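[1] okay, sequence plus prediction incoming.
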Amino acid sequence: YAFGSYHERDAISDELYRNPYLYPSAIAPAISAIYPNGYQPLLQAHSTDQALVAGVRGTTPDGWRWDVSANYGGNRVSLDTIHTANYAFLNDFGYTPTTFFDGIVSAAQQAVDADVAKDLNVNWLPNAVTLAFGAEYLRDTYSISAGDPSSYYVGSSGLSGGAQGFSGYSPVNTGSWSRSDIAEYVSLETNLTDKLGTSVSVRHEDYNDFGNTVSGALAARYDFTDRFALRASASTGFRAPSLAQEDYSQIGSLYLTPSNAGPGVAPGIYQTGLLPVDNPVAQLLGAQALRPEKSHNYTVGAVFNPIDPLTFTFDIYQIQIYNRIVLSSTLSGLNDPVVIDYLAAHGITDVAYSSAQYFTNAVNTRTQGGDLVGSYRSDFGDDGVLDSTLSYNYNRTQVTGVAPNPPQLDALGLQLERVSYRDVKGLLANSTPRSKLIFNENYTLGHWVFNGNLTRYGSFTAYSNESYLLNQTFNPQWVLDLAGSYNLQNWTFTLGVDNATNSYP
């Protein structure tokens, strides 16, 4: 067997508007000649995504089922900043491009899997035991390629360098990284009685950069009747830091308002560095080697089928994540004399940005929630079949622990935070609606299938670091998706519209 996919996507995102009254005085006439009313840089991204899986499977004469497969997936994003300028380049050369090629970011995975399973009869158990085991070799790769020299040019004038909005990747940011992981698993599943089904599984992984870990899962289901059952599960999880979290770096722009610029720092647009954790400046500011995230997961649920066409499921769950990897708050004030002297004392005198961020194992979080799903099948005979589904989810995430501020930051006597109020209350806890309601109708008539999906996203709050008075609560929103399909022998042709009513997020 084999299957694959190829996707291309073009996207544009807005950067901060550049106010003409805040143009640097040294180049104000020159930049005003290009953008007299100010300008808003735009970041263009062209993404190419491809995947291919190929494998072979079968069954031996004595009942062993086996499956061996190879999997490749890759993504490449090419970036351009348009409707922009490079102030340092303009100052030094008397002109500036307004469109810059910023570079390419690529990631890929290659995996080889082998899986084996068989139903075994055990004398002292009433039902057969399904034994499954297997192994996987996984290789991750990640790379950053440089943009045009003008996209990251800084010069020595002291003016802001790099393309405004999104500075290109310089040779300092570029590189290629890789790692591998070997994993093995075994699972057992059986019905201990006619009503009680159970399963247990264990997985071992060995990363060449993080070492060994073992995770496991237990699950059970008890059928009180043919129409009602309870189920529960408990598991542990493990996620190694991604290569991007470890190695990505980029210089960008940060707008400081009068309320968050800090003492002695003038409002305006400053260069900010997103630094890998092994960067000397990041380490002097408290960055540490990233550790894997670990989790504990619990679910309890019920299945109810009161009549043949109608089915309900209800599940509640809790997910606890430890050592969660987040992007630190922006550590501003690197141009403060105290910080400059501190970095210089450690041999660093050429920092080209005024603030920095890095990834860090900063918090523990707990997510609690529930899922309710009801489905009803209406069979109209020659007039088709209508499948109706109602789904509702509610969940809440809380930050249950924050790692202490790195001692390097406290020693500087500055108000630098590992994570901010906005992160703790917003990005880590309330960046998505707590509730989601979905109505789905799927009507089949002969070769035709018509599908409608109406989703209600609940309200959520965007938190501000400047003042709680600037927190914004967004009202619930409805989104309608429509699609129609026609089945012709082995072919299916589909035409669909997502967000048919053009609801704004």
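    That came through, no problem.
[2] in a helix, Leu469, correct?
    Yes: per DSSP: H, G, I helix; E, B strand; the rest coil, Leu469 lies within a helix segment.
[3] burial check on it, number of neighbours?
    Using other C-beta atoms under 10 Å, Leu469 has 6 neighbouring residues. Where C-beta positions appear, they are placed from N, C-alpha and C, glycine not excepted.
[4] measure it to Leu22 for me?
    For Leu469, the distance to Leu22 under the criterion C-beta to C-beta, to the nearest Å works out to 24 Å.
[5] likewise for Gln288?
    36 Å.
[6] now the farthest one out in the protein, which residue is it?
    Asn123 (47.7 Å; C-alpha atoms, centre = their mean).
[7] what are the phi and psi values for that residue?
    With angles defined as degrees, to the nearest 10, Asn123 sits at phi -60, psi -40.
[8] what about the helices in this protein?
    28-34, 87-93, 149-152, 243-247, 280-284, 337-345, 407-411, 421-422 (DSSP state H).
[9] re the thing from before, for the residue farthest from the centre of the chain, give its distance to Val129.
    Separation of Asn123 from Val129 (C-beta to C-beta) stands at 11 Å.
[10] for Asp92, same thing?
    Per C-beta to C-beta, Asp92 is found 74 Å from Val129.
[11] what's around the closest residue to Asn475 other than its chain neighbours, how many residues?
    What sits nearest to Asn475 in space, not counting adjacent residues and going by C-beta to C-beta, 6 or more residues apart in numbering, is Ser459, at 5.7 Å. By the criterion of other C-beta under 10 Å, Ser459 has 13 neighbours.
[12] can you pull the contacts of Ser459?
    The neighbours of Ser459, taking C-beta atoms under 8 Å, 6 or more residues apart in numbering as the test, are Pro433, Thr473, Phe474, Asn475, Pro476.
[13] where does this protein dip in pLDDT?
    Segments of the chain classed as low confidence (criterion: pLDDT under 70) are 252-271, 352, 414-416.
[14] again, only using 50
    Low-confidence regions of the chain, defined here as pLDDT under 50, do not occur.
[15] thinking again about what came up before, may I have the phi/psi pair for the residue nearest to Asn475?
    Per-residue torsions, Ser459: phi -70, psi 160 (degrees, to the nearest 10).
[16] and it, how far from Pro476?
    5 Å.
[17] does the closest residue to Arg324 other than its chain neighbours have beta-bridge partners, and which?
    The shortest distance from Arg324 to any non-neighbouring residue, by C-beta to C-beta, 6+ apart, is to Val363 (5.0 Å). Partner residues in beta bridges with Val363: Arg324, Val402, with DSSP bridges as the criterion.
[18] might one say that Val363 is in contact with Leu428?
    Yes: A contact is recorded between Val363 and Leu428 when judged using C-beta atoms under 8 Å, the distance being 6.2 Å.
[19] could you name every residue contacting both of the two?
    Going by C-beta under 8 Å, 6+ apart, residues that sit against Val363 and also against Leu428 are Arg324, Val326, Val399, Val419.
[20] distance to Pro149 and neighbour count for those - can I get that in CSV?
    Listed next are the shared contacts of Val363 and Leu428 as CSV, based on distance: C-beta to C-beta, whole Å; neighbours: other C-beta atoms under 10 Å:
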residue, distance to Pro149, neighbour count
Arg324, 38, 20
Val326, 33, 19
Val399, 42, 19
Val419, 36, 20
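[21] what is the nearest of these to Thr174?
    Comparing those against Thr174 with C-beta to C-beta picks out Val326 as the nearest, at 24.8 Å.
[22] for the closest one, give its distance to Ser332.
    Distance, Val326 to Ser332, by C-beta to C-beta: 18 Å.
[23] residues near the residue nearest to Arg324, how many?
    Residues near Val363, counting by other C-beta under 10 Å, number 22.
[24] Ile307 now?
    Taking other C-beta under 10 Å as the criterion, the count of residues near Ile307 is 8.
[25] for Pro505, same thing?
    Under the neighbour criterion other C-beta under 10 Å, Pro505 is assigned a count of 7.
[26] let me see the contact set for it.
    Gln477.
[27] so who does the nearest residue to Arg227 once chain neighbours are set aside touch?
    The spatial neighbour of Arg227 that comes closest, neighbours along the chain excluded (C-beta to C-beta, 6+ apart), is Asn305 at 4.5 Å. Under the criterion of C-beta under 8 Å, 6+ apart, the contact list for Asn305 reads Asp226, Arg227, Phe228, Thr311, Phe312.
[28] flag every buried residue along stretch 198-215.
    Neighbour-count burial for stretch 198-215, counted by 16 or more other C-beta atoms under 10 Å, picks out Thr198, Ser199, Ser201, Arg203, Glu205, Tyr207, Asp209, Phe210, Thr213, Ser215.
[29] between the helices of the chain, which gets nearest to Gly55?
    Between Gly55 and these, the shortest separation by C-beta to C-beta is 25.7 Å, and it involves helix 243-247.
[30] which residues touch that closest one?
    With C-beta under 8 Å, 6+ apart as the test, helix 243-247 has contacts from 105, 107, 140-142, 144, 175, 177-179, 276-278, 290, 325, 359.
[31] may I see the buried residues of that helix?
    For helix 243-247, using 16+ other C-beta under 10 Å, the buried residues are Leu243, Gln245, Glu246, Asp247.
[32] would you turn these into CSV with distance to Tyr222?
    Formatted as CSV, the entries for the buried residues of helix 243-247 read as follows, by distance: C-beta to C-beta, whole Å:
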residue, distance to Tyr222
Leu243, 43
Gln245, 41
Glu246, 44
Asp247, 48
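[33] for Glu15, state which of these is nearest.
    When the buried residues of helix 243-247 are compared for distance to Glu15 (C-beta to C-beta), Gln245 comes out closest, at 23.1 Å.
[34] relative to Ala128, how far out is the closest one?
    Using C-beta to C-beta, one gets 44 Å for the distance from Gln245 to Ala128.
[35] please apply the same query to Gly370.
    With distances taken as C-beta to C-beta, Gly370 is found 34 Å from Ala128.
[36] same question, Gln40
    In this structure, Gln40 and Ala128 are separated by 65 Å, where distance is defined by C-beta to C-beta.
[37] and the residue nearest to Ala132 when sequence neighbours are not counted, what does it touch?
    Spatially, and ignoring its direct neighbours in sequence, Ala132 is nearest to Ala117 (4.0 Å; C-beta to C-beta, 6+ apart). When contacts are counted by C-beta under 8 Å, 6+ apart, Ala117 is found next to Trp64, Arg65, Trp66, Thr130, Leu131, Ala132, Phe133.
[38] what number of residues lie near the closest residue to the third one other than its chain neighbours?
    Looking back up the chat, that one is Trp66. Counting by C-beta to C-beta, 6+ apart, the nearest residue to Trp66 once its immediate chain neighbours are dropped is Val116, at 5.0 Å. If you count neighbours by other C-beta under 10 Å, Val116 ends up with 15.
[39] now Tyr21
    By the criterion of other C-beta under 10 Å, Tyr21 has 6 neighbours.
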